[in-house]
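Trainee: Next input, structure requested:
(chains A and B)
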Amino acid sequence: MLEINNLHANIDGTPILKGISLRVSPGEVHAIMGPNGSGKSTLASVLAGRSEYTVTSGSVTFMGRDLLALPAEERARLGIFLGFQYPVEIPGVSIANFMKAAVAARRAAMGLPELTPAEFLKQMRAAAALVELDPKLIKRAVNEGFSGGEKKRNEIFQMAMLKPALSILDETDSGLDIDALRIVSQGVNQLRTPENASIVITHYQRLLDYIVPDVVHVLYAGRIVMSGGKELAKDLETKGYDWIIKSLN
Amino acid sequence: MTAAKQMEIKIPAHRTEKAPMVLVLPAGSTSCKVTAGAGSRAIVCIRNVNRDFSFRFDLKKNASLTCILEQTRPGSAIYRHTCRLATGSEMRSIAIFTQCTDIRNSYHIDIQEEGSSLSLSSLAVLTGREKLAQNILCRHNAGGASSMQTFKHLLGGAAQADMVGRILVPAGSQKTEAYQQSRSILLSEQASVHVEPQLEIYADDVKCSHGSTVGQLDKDALFYMQQRGISPEEATRMLLEAELRHELDSLPPALRRVLGAKVSRKLKHLV
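Mentor: Coordinates of the predicted model:
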């Protein structure tokens, strides 16, 4: 589904990603962990198509397409979903209108007919129920005045509405209390199918107790320096990153 | 000057007009006086084709008047608004400019008695070489009254908006609350805005402020929307509509539909 080969990327001339290679197949969950500043969020942003980053070399193929040649909105329509670490507030744009435009764009790209208003409403209610998002929030402006937990639930609500092929969840657990973490994780798990995949970026092993990964990667200084099974996350929780960094030196 | 050139509307005292009144000013008229009788309540939508026109609003005690000015003909024009507010009266004025070759629009507001309030909104969506110049004087001649002015400019092409807004609070007008906000979004390098807020305050127990922002659309919001599959053009249009949402949503439904559609059509020229 996703194949990243030797990806290098800069921001303002500063190299951040220094040769990332990663392969994600349908049905898989990959966790990416690593110390602050290692390039985790940059990788998410580059895959999503954020224009501030410049890819200097390497390639990314997604569902047979050259992902790096596509603008952000076409990547999204193709099925890339970024769960933002800091979801943006958009005053004056209701969640309902926002999702209507987003769902219409995604469905058109998939060759599906537009949803009727009744079907759309039904899907919104189901998606809100999945993450226990208060349905009243749907009428409000996107993320405006939402608590940290509500913003993260809103991200997974949008993921449920858009049914992406690949979800990249950038520190979805940050700012969540234990109950919200459980609800958000359950939502992600219920959206798992043999056809879709997820990349879960996190600092903490606790998220991976809920969203169990198939592979755990350690990102350090812009490279994946170690990959392993879910037990690697537990090792990182107890031993930190120092032992990996020392082994590199 | 013939009588027909000077229009006069009187809303009788204590009359409540449930439906918005649509007032189409005949071509060739030069002024319109609207008197809202004591305790009356009304919404007036004024459609004006005249290029040089004076509006006068006289609100008696406890009257409530919402006035929506809809410009219906493109071109150059000069509009003058004079408002007098008596005790307990509430004036809400919304002007929407979507086709301005060169428009000069002025407000002269006299808050004459205590307990009255004014809400003044001016929304401009301009592109090409359109120009809008606005001059506002809001004089709080009595204390214990409030005014809120909101100016929004969405500018593309080489459009230009100028706004000079003065709030005057004479000595003795204590407990005045007077605010002015201006927000301008520039969508091109050639578009320009000049905003000059002026507060002239001689009383010491007042709450007054002005704020002005000039900038571009929030890039993070644009990216967030694109990441959900929304095209940059659609995202821009949605964000621009959002800028005017608060004012448009406050209109009666029928007017909201008509004016909202008009604004949407114009926004397509900006994106």
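Trainee: okay, CA-based contacts and neighbour counts for the rest of this
Mentor: Will do.
Trainee: so the spatially most central residue of chain A, which of the three states?
Mentor: Nearest to the geometric centre of chain A sits A:I168, at 1.9 Å (C-alpha atoms, centre = their mean). Secondary structure, DSSP: H, G, I helix; E, B strand; the rest coil: A:I168 is strand.
Trainee: For it, which residues are in contact?
Mentor: Taking C-alpha atoms under 8 Å, 6 or more residues apart in numbering or on different chains, we find A:I168 in contact with A:A44, A:I80, A:F81, A:L82, A:G83, A:S198, A:I199, A:V200, A:I201.
Trainee: quick one: which of the residues you listed is nearest B:R41?
Mentor: Lowest distance from B:R41 to those (C-alpha to C-alpha) belongs to A:G83, with 49.2 Å.
Trainee: where does the closest one fall, phi/psi-wise?
Mentor: Reported as degrees, to the nearest 10, the phi and psi values for A:G83 are phi -80, psi 110.
Trainee: List the residues that contact it.
Mentor: Shown in contact with A:G83 (C-alpha under 8 Å, 6+ apart): A:E155, A:I156, A:M159, A:S167, A:I168, A:L169, A:D170, A:T172.
Trainee: so where's chain B shaky on pLDDT?
Mentor: Chain B contains residues with pLDDT under 70 at B:1-4, B:72.
Trainee: related to what we said a few turns ago, can you pick out the most distant pair from the contacts of A:I168?
Mentor: Among the contacts of A:I168, A:I80 and A:I201 lie farthest apart (C-alpha to C-alpha), at 14.9 Å.
Trainee: since we're on the residue of the stretch 1-150 of chain B found nearest chain A, how many residues are nearby?
Mentor: Nearest residue of the stretch 1-150 of chain B to chain A (C-alpha to the nearest C-alpha) works out as B:L123 at 15.3 Å. By the criterion of other C-alpha atoms under 10 Å in any protein chain shown, B:L123 has 21 neighbours.
Trainee: who does the helix or strand containing it pair up with?
Mentor: Secondary structure assignment for B:L123, by DSSP states H and E: strand B:117-126. Strand B:117-126 has the following strand partners under DSSP bridges: strand B:90-97 (parallel), strand B:146-155 (parallel).
Trainee: Just checking: what are the partner strands of the following helix or strand past the first one?
Mentor: The reference is to strand B:90-97. As assigned by DSSP H and E, the chain's next helix or strand after strand B:90-97 is strand B:102-111. Next to strand B:102-111 in the sheet, as set by DSSP bridges, lie strand B:76-85 (parallel), strand B:131-140 (parallel).
Trainee: Just name the most buried of the ones you listed.
Mentor: The highest mean neighbour count among the strands paired with strand B:102-111, using mean count of other C-alpha atoms under 10 Å in any protein chain shown, belongs to strand B:131-140: a mean of 22.
Trainee: Can you name the residues of chain B sitting close to chain A?
Mentor: Within chain B, the positions near chain A by C-alpha under 8 Å from any C-alpha of the partner chain are B:220-221, B:223-232, B:238-239, B:241-243, B:245-246.
Trainee: Okay, helices next: where are they in chain A?
Mentor: Using DSSP state H, the helices of chain A run over residues A:40-48, A:72-78, A:95-109, A:117-130, A:148-162, A:178-190, A:205-210, A:231-239, A:242-248.
Trainee: what about residue 87, neighbour count?
Mentor: Using chain A. Residues lying near A:P87 (other C-alpha under 10 Å) number 19.
Trainee: meant chain B actually
Mentor: Neighbours around B:T87, by other C-alpha under 10 Å: 21.
Trainee: and it, helix, strand or coil?
Mentor: Quick answer, by three-state DSSP: B:T87 is coil.
Trainee: show me the contacts for A:S198.
Mentor: Residues near A:S198 by C-alpha under 8 Å, 6+ apart: A:E28, A:V29, A:H30, A:L166, A:S167, A:I168, A:L169.
Trainee: Considering those, which possesses the most neighbours?
Mentor: A:L166 (28 neighbours).
Trainee: looking at it, that residue is touching A:N196, isn't it?
Mentor: Yes. A:L166 is within contact range of A:N196, at 5.9 Å (criterion: C-alpha atoms under 8 Å).
Trainee: what does chain A have sitting close to chain B?
Mentor: Contact residues, chain A versus chain B (C-alpha under 8 Å from any C-alpha): A:48, A:50, A:72-77, A:81-82, A:87-93, A:98, A:101-103, A:105-106.
Trainee: Nearest to B:V263 among the strands paired with strand B:117-126 would be which one?
Mentor: Between the strands paired with strand B:117-126, strand B:90-97 lies closest to B:V263; by C-alpha to C-alpha that is 8.5 Å.
Trainee: Off-centre distance for the closest one?
Mentor: Counting by C-alpha atoms, centre = their mean, to the nearest Å, strand B:90-97 is centred 4 Å from the centre of its parent chain.
Trainee: For that strand, buried residues please.
Mentor: For strand B:90-97, a neighbour-count test (16 or more other C-alpha atoms under 10 Å in any protein chain shown) marks B:E90, B:M91, B:R92, B:S93, B:I94, B:A95, B:I96, B:F97 as buried.
Trainee: where's the third one relative to B:L251, distance?
Mentor: The spacing between B:R92 and B:L251, counted by C-alpha to C-alpha, to the nearest Å, is 11 Å.
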